[in-house]
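[1] requesting a structural model of the entry that follows:
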Amino acid sequence: MKTEKLHISFDGFTDFKLIGISCNEKDYRLCWALNHALGIDLVRMENEGIASRAHLENFPFFEYTNEENGCIYRLLANRFEARTLMKELKTIDFLFLIQGEDANLHEIITKLNKIDLIFLATEIEIDNLKERDLLFLDE
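    Numbering: from 1, shown residues only. Model (predicted):
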């Protein structure tokens, strides 16, 4: 029997930026620090009942939408309860996704690296990730 291959296009990621954060603190403490440093208001989101977020079953996930410029900020735990969401990024504790044209990535990374709780914040090229489909978080 002949098998078919399914090819998925990830063109939707062109407006996403991804920052990997290394931090030993709890998710809520990191959110508090991010909120103060960036002037945002990340809120914990529920993952239950959303098919596209089934892979996030127990992973903490926070989101904020800036109504003025339309930027969406999402913080996702990459390591939680001895599990890793994106195994190719196993040294990264949190993934900070930013969607929107107005986001100045260099400025954001500079602010994040000034936060005492954060060991390192660095840009991650989404196109180079094999597991990038895990970053689809929309309902």
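
[2] report the distance from the worst-scoring helix or strand of the chain on mean pLDDT to the chain centre.
    The least trusted helix or strand in the chain, going by mean pLDDT, DSSP states H and E, turns out to be strand 83-84, with a mean of 85. Strand 83-84 has its average C-alpha position 15 Å from the chain's average C-alpha position, going by CA atoms, centre = their mean, to the nearest Å.

[3] D133 - that's part of a helix, no?
    Yes. Remark: D133 belongs to a helix, assigned using DSSP: H, G, I helix; E, B strand; the rest coil.

[4] only alpha carbons, please: show stretch 128-135 as PDB.
    Below are the C-alpha coordinates for stretch 128-135, written out as PDB (Å, rounded to 0.1, in the frame of the first residue of the first chain):
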ATOM      1  CA  ASN A 128      15.500  26.600  12.000                       C
ATOM      2  CA  LEU A 129      13.300  24.700  14.500                       C
ATOM      3  CA  LYS A 130      12.100  21.200  13.600                       C
ATOM      4  CA  GLU A 131       9.400  21.300  16.300                       C
ATOM      5  CA  ARG A 132       8.100  24.700  15.300                       C
ATOM      6  CA  ASP A 133       4.500  23.400  14.900                       C
ATOM      7  CA  LEU A 134       4.400  23.300  18.700                       C
ATOM      8  CA  LEU A 135       4.400  27.100  18.600                       C
END
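
[5] quick one: the residue nearest to T65 when sequence neighbours are not counted and D41, what's the gap?
    If you skip the residues right next to it in sequence, T65 has I72 as its closest partner in space, 5.1 Å away by CB to CB, 6 or more residues apart in numbering. C-betas here are computed from N, CA, C, even on glycine. The spacing between I72 and D41, counted by CB to CB, to the nearest Å, is 12 Å.
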